[in-house]
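Novice: using only what follows, build the 3D model:
(one chain, ligands or ions: 1)
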Amino acid sequence: MRVVNSPLALQKLLEEEQGSIGFVPTMGALHLGHRTLISAAKNANDIVVVSIFVNPTQFLEGEDLDAYPRKEEADKKVCELSGVDYLFYPTVASMYGTDEVSLNAPNIRGYIMEGTSRPGHFSGVLTVVNKLFNIVNPTRAYFGKKDAQQVMLIEAMVTNLFMNVEIVAMDTVREKDGLAMSSRNAYMNEQERTEALYIVKSLRVATQMVMKGALDIAKIKDEMLHVLKPLEVVYVTIVNRSFEPIDKVEIGNTIILIEAISGTTRLLDNIWI
Ligand code: PAF
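Specialist: Presented below is the predicted three-dimensional model:
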């Protein structure tokens, strides 16, 4: 595995490679969810590139940019053992100048849910993913469905900017008790970790309602909010797979999304119905 810090050096190295490139962009603190993305990339491509970059432009003022877990040595080991060919580890200064062109998330779908609770977040995500795609020029790029709105906006960017990359969205990987894996789970103490399971419970309640034929969005949301009471709920949103509002669950075309805070940890989860 080659560890490369310079964007231009990586671009040059990858231009010289033959075959398809599978790319897994991450912010590090790699867990089983990331390893699943890496192994999917490995199965479908000749070369696998992983980036680890805690992107400052997607953090808002006062958010956890400085506290975000950084596990350089452990992450390198994970990548090495997973058969990654290139690990891209750039510095902030090599990725950003002081005065830059940036991308804005689209007005409607980028400014609901997490776009409202974290204004500017998705513009930062799209800007850095665009840069990373330009450096790596991947054939396929792999993202987790836990960040469903992020995946949808990256797909929109790829379509809108006529980018030649296939976006592969992979199912959320969960802990044994159902909690969605996330690098931020490490912030929680035992009690907060236990309370975070109300998120999983609320998604189960919603699924059971749908299985019994209760498809009314308002009723499902009420039940979910009842289960989620011990947590600070940022939103519970039920939309179709184009992220448009709906009144009734459409089986095969619905996503139920939650953002909630346990202690001080912001947690996302969703279920695709
Ligand atoms: O999902 C993430 O880890 C980040 O948002 C991403 C896609 C690597 C961009 O910084």
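Novice: and the stretch 1-150 of the chain, which of its residues are near the ligand?
Specialist: The stretch 1-150 of the chain has residues 25-27, 55, 58, 125, 128-129, 147, 150 near the ligand, with proximity defined as Cβ under 6 Å from any ligand atom. Every residue, glycine included, has its C-beta placed from N, CA and C.
Novice: tell me which of those residues fall in strands.
Specialist: Secondary structure from DSSP state E places 25-26 of these in strands.
Novice: out of the residues of the stretch 1-150 of the chain next to the ligand, which comes closest to Lys77?
Specialist: Nearest to Lys77 among those is Thr26, at 14.4 Å by Cβ to Cβ.
Novice: okay but that closest one is in contact with Ile52, surely?
Specialist: Yes - the pair Thr26 / Ile52 is scored as a contact, 5.6 Å apart, by Cβ atoms under 8 Å.
Novice: now the stretch 51-200 of the chain against the ligand: closest residue?
Specialist: Distance from the ligand to each residue of the stretch 51-200 of the chain (Cβ to the nearest ligand atom) is smallest for Asn55, at 4.0 Å.
Novice: give the contact list for that residue.
Specialist: Contacts for Asn55 (Cβ atoms under 8 Å, 6 or more residues apart in numbering) come out as 27, 95, 124-125, 128.
Novice: hmm, 7 Å instead?
Specialist: 27, 124, 128 (Cβ atoms under 7 Å, 6 or more residues apart in numbering).
Novice: same deal with Leu126?
Specialist: Leu126 touches 103, 105, 153, 157, counting by Cβ under 7 Å, 6+ apart.
Novice: mind putting the residues you listed in JSON lines, neighbour count, secondary structure and pLDDT included?
Specialist: Shown next, in JSON lines, are those (neighbours: other Cβ atoms under 10 Å; DSSP: H, G, I helix; E, B strand; the rest coil; pLDDT from 0 to 100):
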{"residue": "Leu103", "neighbour count": "19", "secondary structure": "coil", "pLDDT": "91"}
{"residue": "Ala105", "neighbour count": "24", "secondary structure": "coil", "pLDDT": "92"}
{"residue": "Leu153", "neighbour count": "24", "secondary structure": "helix", "pLDDT": "96"}
{"residue": "Met157", "neighbour count": "22", "secondary structure": "helix", "pLDDT": "97"}
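Novice: could you pull out the helices for the stretch 1-150 of the chain?
Specialist: 7-15, 32-44, 72-81, 92-95, 114-117, 121-136, 148-160 (DSSP state H, counting those that start in this stretch).
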